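Asker: only geometry, no sequence info:
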Ligand code: SF4
């Protein structure tokens, strides 16, 4: 990148000026990772100090049966397939109860678009889960699922959200966003929820007092300009509602065939490679710089590995997705040896080891507990250090 452009961007960031579409594209053109990290870290530190937020949650996928066949998805199964499953309500509750000893504060629930499950199943599950775990926040359903509920119930999203909130819903999840630009979206998404409906449903959720996460699936067939466009759409919606708590860049994953039938379901992988760690760090940094009105940027460590998750904390990230005991959607497509379990202690050590202060939060980003500051690196050198995969 031209030194003059670099200086201009530095000056804009230092002055807290909003970056433009062209600025975002220019940032992606830079391969000076250290420079990008420094710019993003400055913004992250101004907003969040040296804190790293996390929560102790459980991911629950009620069914992997789905009417759609998105090109990047390794999770969905068709009815009758060998490893298709749908949980009965008491099974979902039993699974959630297994985590009680972990003092979890959140259940994160996303599912396939099941062709025959009735709409009433969903509020019923939430009500039962809330009854069994009253202290746990329920973060459930993508905007895609909410639109699916509109289709199967004949009710508008307004009434659907009211009923789900009454049953215990505290936040939607951020999924279904992928890449909003139709140029890319038409090749990867097979369901009916695109920007117009995704934004309509999150806007509605925000108007009802819910705060929601936002996501972007990157590292497949999209180009940097599509990532920039994606973030700018979200930034504009955030200007309007202020309802997004966090932005989560999700790294597209190849399918490494660990399903019972040995089928590769992911139709994108012949056409693309996964993003490298350097590309991921760049994406975190540029996202932090562009999405200036979102309070937090999260790294979902399951998709990146623990070392990249630690590094990301110097590239704009201030939030790590929590203590995950089971996460199916990614782990149906991961053979990198990333662990699929992390507990509170592991996560605390990961954050301290990276030189940051862990802060436990709930779904609404309210502080549950502040932990000690990290021991300075100079003092830790004499001690044997943990090696993170
Ligand atoms: S991404 Fe979601 S909607 Fe698309 S096929 Fe997978 S489970 Fe179904």
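Answerer: That came through fine. Treat the numbers as computed from the prediction; the structure is a model and nothing was measured. Numbering: from 1, shown residues only.
Asker: mind checking which helix or strand of the chain has the lowest mean pLDDT?
Answerer: Within the chain, no helix or strand scores below helix 328-331, which has a mean of 50 by mean pLDDT, DSSP states H and E.
Asker: next secondary structure after that helix?
Answerer: Downstream of helix 328-331, the first helix or strand assigned by DSSP states H and E is helix 344-353.
Asker: so for that following helix, what gets flagged as buried?
Answerer: 344, 347-348, 350-353 (16 or more other CB atoms under 10 Å). The way it works is simple: take the backbone N, C-alpha and C, and place the C-beta from them, glycine included.
Asker: ok, stretch 246-257 next?
Answerer: Quick answer for stretch 246-257 (16+ other CB under 10 Å): 246-255.
Asker: let me see the ranges of the helices in the stretch 251-389 of the chain.
Answerer: With DSSP state H, counting those that start in this stretch as the definition, the stretch 251-389 of the chain shows helices at residue ranges 277-290, 306-312, 328-331, 344-353, 377-380.
Asker: I meant to write the stretch 51-200 of the chain there.
Answerer: Going by DSSP H, counting those that start in this stretch, the stretch 51-200 of the chain shows helices at 89-97, 121-132, 143-153, 157-167, 182-188, 195-207.
Asker: give the buried residues for the fourth one.
Answerer: Of the residues in helix 157-167, those scored as buried under the neighbour-count criterion (16+ other CB under 10 Å) are 157, 160-161, 163-165, 167.
Asker: would you turn these into JSON lines with distance to the ligand and pLDDT?
Answerer: Listed next are those as JSON lines, based on distance: CB to the nearest ligand atom, whole Å; pLDDT from 0 to 100:
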{"residue": "157", "distance to the ligand": "17", "pLDDT": "98"}
{"residue": "160", "distance to the ligand": "17", "pLDDT": "98"}
{"residue": "161", "distance to the ligand": "19", "pLDDT": "98"}
{"residue": "163", "distance to the ligand": "22", "pLDDT": "98"}
{"residue": "164", "distance to the ligand": "18", "pLDDT": "98"}
{"residue": "165", "distance to the ligand": "23", "pLDDT": "98"}
{"residue": "167", "distance to the ligand": "22", "pLDDT": "98"}
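Asker: picking up where we left off before, can you redo the buried residues of stretch 246-257 as CSV with pLDDT?
Answerer: Output for these, formatted as CSV (pLDDT from 0 to 100):
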residue, pLDDT
246, 98
247, 98
248, 98
249, 97
250, 96
251, 94
252, 92
253, 87
254, 82
255, 73
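Asker: of these, which pair is most distant in space?
Answerer: 246 and 255 (26.9 Å; CB to CB).
Asker: and the pLDDT at the nearest residue in space to residue 86 that is not next to it in sequence?
Answerer: Excluding its sequence neighbours, the residue lying closest to residue 86 (CB to CB, 6 or more residues apart in numbering) is residue 63, at 4.0 Å. pLDDT recorded at residue 63 is 97.
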